[in-house]
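J.: whatever this is, show me its structure:
(one chain, ligands or ions: 1)
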Amino acid sequence: MLSSKLKCLTVLAALMTCTAASAYNFKGYYAPAVLVSPMRDDIQYTPVGMGVITSKAGYRVHPVTGRGDFHSGVDLGAKLNDRVYCLLDGIVTRVGWRGNLGVAVEVYHPYPNLRTITGHLNAYSVMPGMRVQRGRVIGYAGSTGRSTGVHVHYTVMNESGEYVEPMQFIRQVPQYVMALRTFQGQLAMTHNIKKMPKIDTKLIDSESEDLPPSKGDCGEKKGEEKPPSASIEP
Ligand SMILES: [Zn+2]
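T.: Take a look at the predicted model:
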């Protein structure tokens, strides 16, 4: 499989630069330096700072397989090892290889109760269980997993595991930042942290992306053409 070949190549690269790494041990990618860039509250950033959208979320023809598929997030152009930022305060819930997403970092944002997954990273700089704030570097751009070149994939999900249009989330982040400055915002954040299931602080590597299927999947199997869900822009 192409993805496993790519994985081998990236592991090989890690072996050349780091002391030890195996297919299911990504410690070689751990770049623990704590870097936080100041982000203005009122400016709309993407996980790569400004960034250009190279592929939107929704149904598309996959650049690798050439088949129609559901794209769970937005792709942002980046150069190798560009810093990848956390846009909103949260808690790292999962780090590791995640199938087609390659090396991925998942962050839970207790306010507004959403999860973000950043994929195809070359390195990560946070571990599960860590509190991260807006502007914190959580990893570095790469091309791990099923990817045609260096870019950052960004998926946003709500509590029920439904996909949220990532650009819609990105546009709303400045409002969430303002809300977190209020007592009510802090209260909601504390409440949601208390409700969180215990986080496994180990790295989790999986062959699959471990993402919920898109709503149109059943229809696709029957060969029907399904329109994108209402939350996704054309
Ligand atoms: Zn993508």
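J.: give me the three-state assignment for the residue lying closest to Ala179 once chain neighbours are set aside.
T.: Excluding the flanking residues, the one nearest Ala179 by CB to CB, 6 or more residues apart in numbering is Gly185, at 4.1 Å. The way it works is simple: take the backbone N, C-alpha and C, and place the C-beta from them, glycine included. Here Gly185 is helix, with the state taken from DSSP: H, G, I helix; E, B strand; the rest coil.
J.: again with the one 4 residues further on
T.: When states are read from three-state DSSP, the local structure at Met189 comes out as helix.
J.: wait, it touches Tyr111, no?
T.: Yes: Met189 lies in contact with Tyr111 (CB atoms under 8 Å); the separation is 4.3 Å.
J.: between those two, who's got more neighbours?
T.: Tyr111 (22 against 19; other CB atoms under 10 Å).
J.: I'd say the more buried one and His191 touch.
T.: No: using CB under 8 Å, Tyr111 makes no contact with His191, being 9.2 Å away.
J.: that older thread, give the residues shared as contacts by Met189 and Tyr111.
T.: Asp89, Leu180 (CB atoms under 8 Å, 6 or more residues apart in numbering).
J.: separation between the nearest residue to Thr201 once chain neighbours are set aside and the ion?
T.: Leaving out its chain neighbours, the residue that sits closest to Thr201 by CB to CB, 6+ apart is Gly129, at 4.2 Å. The spacing between Gly129 and the ion, counted by CB to the ion, to the nearest Å, is 26 Å.
J.: over to Val34?
T.: Applying CB to the ion to Val34 and the ion gives a distance of 27 Å.
J.: next one: Glu106
T.: 15 Å.
J.: how about the contacts made by that residue?
T.: Val92, Thr93, Arg94, Val95, Arg115, Thr116, Ile117, Thr118.
J.: check contacts around the closest residue to it other than its chain neighbours.
T.: The spatially closest residue to Glu106, leaving aside those adjacent along the chain, is Arg94, at 4.0 Å (CB to CB, 6+ apart). Listed by CB under 8 Å, 6+ apart, the contact partners of Arg94 are Ala104, Val105, Glu106, Pro128, Asp200, Ile204.
J.: OK, contacts around Gly135?
T.: Val36, Ser37, Pro38, Met39, Tyr85, Cys86.
J.: on contacts alone, who are the packing partners of the longest strand anywhere in the chain?
T.: Under DSSP state E, the strand in the chain containing the largest number of residues is strand 114-124. Here strand 114-124 is seen to pack against strand 90-97, strand 103-109, strand 137-141, strand 151-158 when contacts are counted using 3 or more CB pairs under 8 Å, 6 or more residues apart in numbering; DSSP states H and E.
J.: what packs against the shortest one?
T.: I take that to be strand 137-141. strand 83-85, strand 103-109, strand 114-124.
J.: switch to 6 Å and redo it
T.: strand 83-85, strand 114-124 (3 or more CB pairs under 6 Å, 6 or more residues apart in numbering; DSSP states H and E).
J.: the very next helix or strand once past the last one pairs with which strands?
T.: Spelled out, that is strand 114-124. As assigned by DSSP states H and E, the chain's next helix or strand after strand 114-124 is strand 131-132. Paired neighbours of strand 131-132 in the sheet (DSSP bridges): strand 90-97 (antiparallel).
J.: and the partner strand with strand 103-109, angle?
T.: Strand 90-97 and strand 103-109 meet at an angle of 160 degrees, taking axes from the mean of the first three to the mean of the last three CA atoms, to 10 degrees as the criterion.
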